[in-house]
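S.K.: coords please:
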Amino acid sequence: MIFNSIRWRLQIWYGLILLAVLAGFGASAYQLERGRVFKRVDDELQRRVGALASVFRQPRNHAPGGPHFDGPPDDRLEPGNPPPEHGPNDDHPEPHGRGPNPGRPGQPDRGPREFHLQPQQAALFDESDTNGFYYVVWRRDGQELARSTNAPAGINMPPHLPQPPGAGPQSAPPQMRGTFRESILITPPGETILAGRSFAPQLADLRRTALILTSVGAGILLLGLLGGWWLASRAIRPIADISSAAVKISAGDLSQRINISETESELGRLASVLNSTFARLDAAFAQQQQFTSDAAHELRTPVSVMLTQTQTILNRERSAADYRETVEACQRAAQRMRRLIESLLELARLDAGQQQMKRMRFDLAQTARDCVTLIQPLADERHVKVFCNVPPLNCLGDPERLSQVITNLLTNAIAYNKDNGEVRVSGEVKNGTTILTVRDTGVGISSADLPHVFDRFYRVDRSRTSGNTGLGLAISKAIVEAHGGTIEVSSQLDVGTSFMVRLPSEGA
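M.R.: So this is what the prediction gives:
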C-alpha cells in the first residue's frame, strides 16, 4: 500500500494542501473578476436607463398652439376620436396631454407625447451592434412606445410594482435573462424603461478566465507535486541508506557505513550517530573476537602443560620426587588458569556494570603508601627503589579497587624497570581532579606499542610471560572508568614510563 510509505504520505498531504491553496486562490480571483465585469456592465446599464428616463423629464418646445412637451400622443387626440368634452364644471379644460391617466385612474396624464432621443443620448446605443446596448420603452397602458433596432425579440413588459402616489421612480436590480443583462426603471407616471445588452462576450471572457486560472493552477500543482516528490525523495534518502546499511550489518558485514551527503540535516545527524554506533559495534565485535582468541590461547598454555606433565608421568613408573615435581607443575599451571579465569570474570563484570563500586570517603595517599609497602619485597628483589611522596588526597570511591589499580601500576613499574632503578609515586589536586602519578626509570614503551598497552592480553615484552596474564592494565582502566576517571600513559624508550590516574575529587 502506498499509504504505508512515508514518501507517499508526505506527497499526498503536500498535494492536498497545495490543491486547497490553489483552488481557494483561483476561486477568489475568478469571483473578483466576475464581480468587476458585472459591476462595469451594471454601471453602464444604470447610466443608460437614467439617460432614457431623462427623456420624459425634458420640457416641450413652446410653439404657438402646440404642446408644451414632446412625448407619446394622447389616445383621445387620435384621428377619428372627438376632442374630449368639458363638463359643466370644467372652467379650465386640461390641455392636450394633461387629461386623466388612462393607465392610472385619477392621475393626470403627465407623460410625453412623443419619444425622441437627443444626440448625446442616442450615442449611448449603437443599434447596428447586435451585442451592443439596446432599449425598450412601454407606455403606462402596456403598449410599446419605442424600441432600438438591435433589441432582441420576445421581450415582454415586466409587471408594475405597487407604487404609492407621489413616489419617485422605481428601479429593479439588473438581472440576467438568458445571455442578456437587463436593467428596468419605472417612472412615476408609469412608463417602463428597459435597457440591456448581450452578456455573451463577457460570459465567454469569464469562461476563458476560468480556463486560464485552471490551467495555470494545474501547472503550478504539477510543478509543486514534482518539486515535493523531489524534496521528499531527497529528504528520506538517508533513511533508505540507513536501511540498506542496517541490512548488510545484520548479515554480518560490520564494516558498512551510511553514505552521508548532508551532515547538518536531522537525518544527516542521525546517520552520523548511527555511523559512530556501527563503528563502535565493529570495534566491539573485533575486540570480542580478539579477546576470545587471546583467552583461548592463554588457557591453552596451562592446559597443555598439565596434559604434557600427566602424560609424561603416566608413561612409566616414576620416583616419588618425579611425581612431586609433576604435581607441582600442574599446580602452577592450575593457579595460572585460576588467575586468568578470575581476571576474565572480573572484566566481564566490569563490562556489564555488575561490579559494584563502593562510594566512601578515603585518603588516596594512605592507600598509595599501603600499596608501596605491599610490593616492597618485590622491589627489594629487583633492587628497585620506591619513593612515595603523596600529600593527603581526599577521594570518593572504592579504596580496595583503587588499591588494586595502584598495585598493578607499581608491579609493572618494578617488573619493567632496570636494575637499581627507581619508581616514584606523586599526587596532587588540580581543577577539581585528583591526580596520582606512577613514574619509573625502566626500559620504556615504543610508540608502536603505546596505544595498545590497555588492550586485553597485550604485552609489551612478550618474552616475559611468567605470571602475567596481560589483563592487569585492562582491569585497571575499567576500574578507573567505573569511578568516572581516566588513566593515561606516556613513555620514552630507555628513559621510563609514566602512568597518570585522574579521579574526581571529593568536592567535585
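S.K.: number of nearby residues for Pro399?
M.R.: Applying other Cβ atoms under 10 Å, we find 17 other residues in the vicinity of Pro399. Heads up, the C-betas are built off the backbone N, CA and C, glycines and all.
S.K.: Kindly state the pLDDT recorded for it?
M.R.: The predicted structure scores Pro399 at 89 on the pLDDT scale.
S.K.: Name the nearest residue to Phe408, ignoring sequence neighbours.
M.R.: Quick fix: residue 408 reads Asn, not Phe. Taking Cβ to Cβ, 6 or more residues apart in numbering as the measure, Asn408 lies nearest to Gly472, with 4.3 Å between them; neighbours along the chain are not counted.
S.K.: which regions of the stretch 201-350 of the chain lie under the pLDDT threshold?
M.R.: In the predicted model, the stretch 201-350 of the chain carries pLDDT under 70 at residues 261-264, 294, 297-298.
S.K.: what do you get if the cut-off is 80, keeping everything else the same?
M.R.: Within the stretch 201-350 of the chain, the segments meeting pLDDT under 80 span 234-242, 249-269, 271, 283-302, 305, 336, 339-340, 342-350.
S.K.: quick one, what contacts the residue nearest to Asn408?
M.R.: If a contact means Cβ atoms under 8 Å, 6 or more residues apart in numbering, then Gly472 has 343, 408, 411-412 as its contacts.
S.K.: do the same with Glu422
M.R.: 384-387, 440-441.
S.K.: Now the buried members of those residues.
M.R.: Buried residues within the contacts of Glu422, defined by neighbour count using 16 or more other Cβ atoms under 10 Å: 384, 386, 440-441.
S.K.: where along this protein do the strands fall?
M.R.: Remark: strands of the chain, listed N- to C-terminal, are 133-138, 144-147, 170-177, 180-186, 192-198, 360-363, 385-389, 394-397, 422-430, 433-440, 486-492, 496-504; assignment by DSSP state E.
S.K.: all helices of this protein, in order?
M.R.: 6-55, 119-122, 200-250, 266-315, 320-352, 364-381, 399-415, 472-482 (DSSP state H).
S.K.: I'd like the C-alpha coordinates of the second one written as CSV, please.
M.R.: It stands for helix 119-122. Once non-C-alpha atoms are left out, helix 119-122 reads as follows in CSV (Å, rounded to 0.1, in the frame of the first residue of the first chain):
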residue,chain,number,x,y,z
PRO,A,119,-27.9,63.0,-29.9
GLN,A,120,-25.9,62.6,-26.8
GLN,A,121,-28.4,60.0,-25.5
ALA,A,122,-28.6,58.2,-28.9
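S.K.: same question for that helix, mean pLDDT?
M.R.: For helix 119-122, the mean per-residue pLDDT is 85.
S.K.: by contact count, what packs against it?
M.R.: When contacts are defined as 3 or more Cβ pairs under 8 Å, 6 or more residues apart in numbering; DSSP states H and E, helix 119-122 sits against helix 6-55.
S.K.: Just want the angle from the helix it packs on to strand 133-138.
M.R.: Taking axes from the mean of the first three to the mean of the last three Cα atoms, to 10 degrees, one finds that helix 6-55 is oriented at 50 degrees with respect to strand 133-138.
S.K.: what packs against helix 6-55?
M.R.: For helix 6-55, the elements it packs on are helix 119-122, strand 133-138, strand 170-177, strand 180-186, strand 192-198, helix 200-250, judged by 3+ Cβ pairs under 8 Å, 6+ apart.
S.K.: same thing but 6 Å
M.R.: Using 3 or more Cβ pairs under 6 Å, 6 or more residues apart in numbering; DSSP states H and E as the contact criterion, the secondary-structure elements in contact with helix 6-55 are strand 180-186, strand 192-198, helix 200-250.
S.K.: Now do that helix: distance to the chain's middle.
M.R.: 34 Å (Cα atoms, centre = their mean, to the nearest Å).
S.K.: relative orientation of it and strand 180-186 in degrees?
M.R.: Here helix 6-55 points in a direction 40 degrees away from that of strand 180-186 (the same axes, to 10 degrees).
S.K.: any idea how far the nearest residue to Gly142 once chain neighbours are set aside lies from Thr187?
M.R.: Closest residue to Gly142 in three dimensions, ignoring its sequence neighbours and counting by Cβ to Cβ, 6+ apart: Met157, at 5.7 Å. When distances are taken as Cβ to Cβ, to the nearest Å, Met157 and Thr187 turn out to be 13 Å apart.
S.K.: Looking at the two, which is more packed in?
M.R.: Counting neighbours by other Cβ under 10 Å for Met157 and for Thr187 shows that Thr187 has the greater number, 21 against 15.
S.K.: for Pro377, what are its contacts?
M.R.: Residues touching Pro377, when contacts are defined by Cβ atoms under 6 Å, 6 or more residues apart in numbering, are absent altogether.
S.K.: Do you know the pLDDT at it?
M.R.: Listed pLDDT for Pro377 reads 90.
S.K.: ok, it to Asp440 distance?
M.R.: The separation that Pro377 has from Asp440, given Cβ to Cβ, amounts to 17 Å.
S.K.: go on, Gly196?
M.R.: For Gly196, the distance to Asp440 - Cβ to Cβ - is 115 Å.
S.K.: what's the answer for Ala235, then?
M.R.: When distance is defined by Cβ to Cβ, Ala235 is 58 Å away from Asp440.
S.K.: got it, and Asp129?
M.R.: Relative to Asp440, Asp129 is positioned 116 Å away (criterion: Cβ to Cβ).
S.K.: what's the neighbour count on the nearest residue to Cys330 once chain neighbours are set aside?
M.R.: Nearest in space to Cys330, with sequence neighbours left out and distances taken as Cβ to Cβ, 6+ apart, is Met306 at 4.8 Å. Each residue near Met306 was counted by other Cβ under 10 Å, and the total is 18.
S.K.: domain assignment for the chain?
M.R.: Residue ranges for the structural domains of the chain, counted by automatic domain parsing, are given in the record as 2-74+95-202, 266-350, 357-504.
S.K.: Quick one: the ones you listed as a markdown table, columns for distance to Leu225 too.
M.R.: Putting these into a markdown table (distance: least, Cβ to Cβ, whole Å) gives the following:
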| stretch | distance to Leu225 |
| --- | --- |
| domain 2-74+95-202 | 5 |
| domain 266-350 | 22 |
| domain 357-504 | 54 |
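S.K.: Pull up the per-residue confidence for Arg197.
M.R.: pLDDT, read off for Arg197, is 91.
S.K.: Leu364 reaches Gly397, doesn't it?
M.R.: No. With the criterion set as Cβ atoms under 6 Å, Leu364 and Gly397 do not qualify as a contacting pair; they are 8.5 Å apart.
S.K.: The two: who's more crowded?
M.R.: Just comparing Leu364 and Gly397: by other Cβ under 10 Å the higher neighbour count belongs to Leu364, 28 against 25.
S.K.: mind listing what the more buried one touches?
M.R.: By Cβ under 6 Å, 6+ apart, the contact set of Leu364 is 393, 395.
S.K.: How much space separates it from Met357?
M.R.: Following Cβ to Cβ, the distance that separates Leu364 from Met357 is 15 Å.
S.K.: Could you check how many residues crowd around the residue nearest to Ser403 when sequence neighbours are not counted?
M.R.: Distance criterion Cβ to Cβ, 6+ apart; nearest residue to Ser403, sequence neighbours excluded, is Thr367 at 5.1 Å. Neighbour count for Thr367, taken as other Cβ under 10 Å: 22.
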